[in-house]
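S.K.: My questions concern the predicted model and sequence given below.
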Amino acid sequence: MKKHNFNAGPCILPDVALENTAKAVVDLDGTGLSVLTISHRSKEFDAIIEETKALWRELLNIPENYHILFLGGGASLQFCMVPYNLLQKKAAYLDTGTWASKAIKEAKLFGEVEVVASSSDKNYSYIPKGFNIPTDADYFHITTNNTIYGTEIKEDIDCPVTLVADMSSDIMSRPVDIKKYGLIYGGAQKNVGPAGVTFVIIREDILGKVERQIPTMLNYKTHIDKGSMFNTPPCGAIYTMRETLKWLKGIGGVEKINELNKKKAELLYNAIDNSKMFVGTAEKDSRSIMNVCFVMKPDYKEKEAEFLEFAKNAGMVGIKGHRSVGGFRASIYNALPIESVQALVDCMKEFEKQNA
């Protein structure tokens, strides 16, 4: 039976990226060595990391005054590194979900934090609007896509101070005006690679403005000066990232994938909106095109477990919703084909036919 992978992360990756990685784990380009065992100082790995950086720069049109880093620790470590490096007096944050609130908690260890708006009053089911960004803040932090709650900021906002964004789960899913941001970061395990590598895109002029001493490994300048190789980088994960970005470039880049992502989301949201049994949890103008969250309507609530089993038997993987929301979540990242979304829609309709 064909499996349809809706896992929220680690998640589906392009078949060609997995196949090429599998070959490289055994023998990297005829070297007789595995990509997992070559020296990160070798010319072979140097070529890999440089091509990966070049693909990032090309696909997102990243200007030359931005550095591209590949680090460890996931986005969760960036919750600490961002304020460590940037927060001198005050930072502003937008609270749109679990990961945003975790970032806020870390920032409060370093100075004053102003939460300009929050959607916690409705279980993070919408993106706040009409908030004011304080012009005396050192930076303003947003989480562009909220995997748990299925909401997304789909436009690059105008910001009077340095804009920092956690784009872990929607990077490379749409064009981004990099020049509007001072720093973008995220874990790779959604659209750009496997777990184990973190990307950071940082404008060089925003650093060096805090008075505190920063530990070596938590200082962005350390990694900029050493080209992401101050310590041994996650070589295998970076290789798979390169193969994933090569696939993305080959199908037409972020503009093309954005078109496909919108079609996938429209297909699934239409099925939910026209269903007798299912209902979406995010407000329509805040809906994510990466993570589609939905639940059973009250009259059918007792059938949630039954539907999960029905879907599992039809080849659906990873559609159980996060415990804080319940219900179901279909993560429809870049590499998920529209055929898998159609299979989920067909599964929902068949279950409804049998049970509604």
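M.R.: It's in. Everything quoted here is computed from the prediction, not taken from an experiment.
S.K.: Which SSE is immediately downstream of the lengthiest helix in the chain?
M.R.: Ranked by residue count under DSSP state H, the longest helix found in the chain is helix 253-273. Using DSSP states H and E, the helix or strand that follows helix 253-273 in sequence is strand 278-280.
S.K.: Report the buried residues of the longest helix of the chain.
M.R.: With burial defined by 16 or more other C-beta atoms under 10 Å, the residues of helix 253-273 counted as buried are 253-254, 257-258, 260-261, 264-265, 267-269, 271-272. In short, each C-beta sits where N, CA and C put it, glycine included.
S.K.: cool, stretch 197-204 as well?
M.R.: Residues of stretch 197-204 classed as buried under the neighbour-count rule (16+ other C-beta under 10 Å) are 197, 198, 199, 200, 201, 202, 203.
S.K.: re the thing from before, got the CA coordinates for the longest helix of the chain in PDB?
M.R.: C-alpha atoms of helix 253-273 as PDB (Å, rounded to 0.1, in the frame of the first residue of the first chain):
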ATOM      1  CA  GLY A 253      11.900  27.200  -7.600                       C
ATOM      2  CA  VAL A 254       9.900  28.900  -4.900                       C
ATOM      3  CA  GLU A 255       7.500  30.600  -7.300                       C
ATOM      4  CA  LYS A 256       6.500  27.300  -8.800                       C
ATOM      5  CA  ILE A 257       6.200  25.500  -5.500                       C
ATOM      6  CA  ASN A 258       4.100  28.300  -4.100                       C
ATOM      7  CA  GLU A 259       1.600  27.700  -6.900                       C
ATOM      8  CA  LEU A 260       1.500  24.000  -6.100                       C
ATOM      9  CA  ASN A 261       1.200  24.600  -2.400                       C
ATOM     10  CA  LYS A 262      -1.800  26.900  -2.900                       C
ATOM     11  CA  LYS A 263      -3.500  24.200  -5.000                       C
ATOM     12  CA  LYS A 264      -2.900  21.500  -2.400                       C
ATOM     13  CA  ALA A 265      -4.200  23.700   0.400                       C
ATOM     14  CA  GLU A 266      -7.200  24.800  -1.600                       C
ATOM     15  CA  LEU A 267      -8.100  21.200  -2.400                       C
ATOM     16  CA  LEU A 268      -8.000  20.200   1.300                       C
ATOM     17  CA  TYR A 269      -9.700  23.300   2.700                       C
ATOM     18  CA  ASN A 270     -12.500  23.000   0.200                       C
ATOM     19  CA  ALA A 271     -13.100  19.400   1.300                       C
ATOM     20  CA  ILE A 272     -13.200  20.500   4.900                       C
ATOM     21  CA  ASP A 273     -15.500  23.500   4.300                       C
END
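S.K.: What are the contacting residues of that helix?
M.R.: 59-60, 172-176, 248, 251, 278-280, 287-290, 292, 294, 330, 332, 334, 336, 338, 341-342, 344-345, 348-349 (C-beta atoms under 8 Å, 6 or more residues apart in numbering).
S.K.: Switch the buried residues of stretch 197-204 over to CSV; also include secondary structure.
M.R.: As requested, the buried residues of stretch 197-204 are exported to CSV (DSSP: H, G, I helix; E, B strand; the rest coil):
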residue, secondary structure
197, coil
198, strand
199, strand
200, strand
201, strand
202, strand
203, strand
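S.K.: got TSV for those residues, with distance to residue 52 too?
M.R.: Below are the buried residues of stretch 197-204 laid out as TSV (distance: C-beta to C-beta, whole Å):
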residue	distance to residue 52
197	9
198	13
199	10
200	13
201	13
202	16
203	20
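S.K.: ok, so of those residues, who is nearest residue 190?
M.R.: Checking the buried residues of stretch 197-204 against residue 190 by C-beta to C-beta gives residue 199 as the nearest, at 10.9 Å.
S.K.: Am I right that the closest one is in contact with residue 55?
M.R.: No: between residue 199 and residue 55 there is no contact under C-beta atoms under 8 Å: 11.4 Å.
S.K.: circling back: tabulate the buried residues of stretch 197-204 (CSV), appending distance to residue 39 and pLDDT.
M.R.: Listed next are these as CSV, based on distance: C-beta to C-beta, whole Å; pLDDT from 0 to 100:
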residue, distance to residue 39, pLDDT
197, 18, 98
198, 22, 98
199, 23, 98
200, 24, 98
201, 27, 98
202, 27, 98
203, 31, 98
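S.K.: Closest one of those residues to residue 14?
M.R.: Sorting those by distance to residue 14 puts residue 197 at the head of the list, at 16.2 Å, by C-beta to C-beta.
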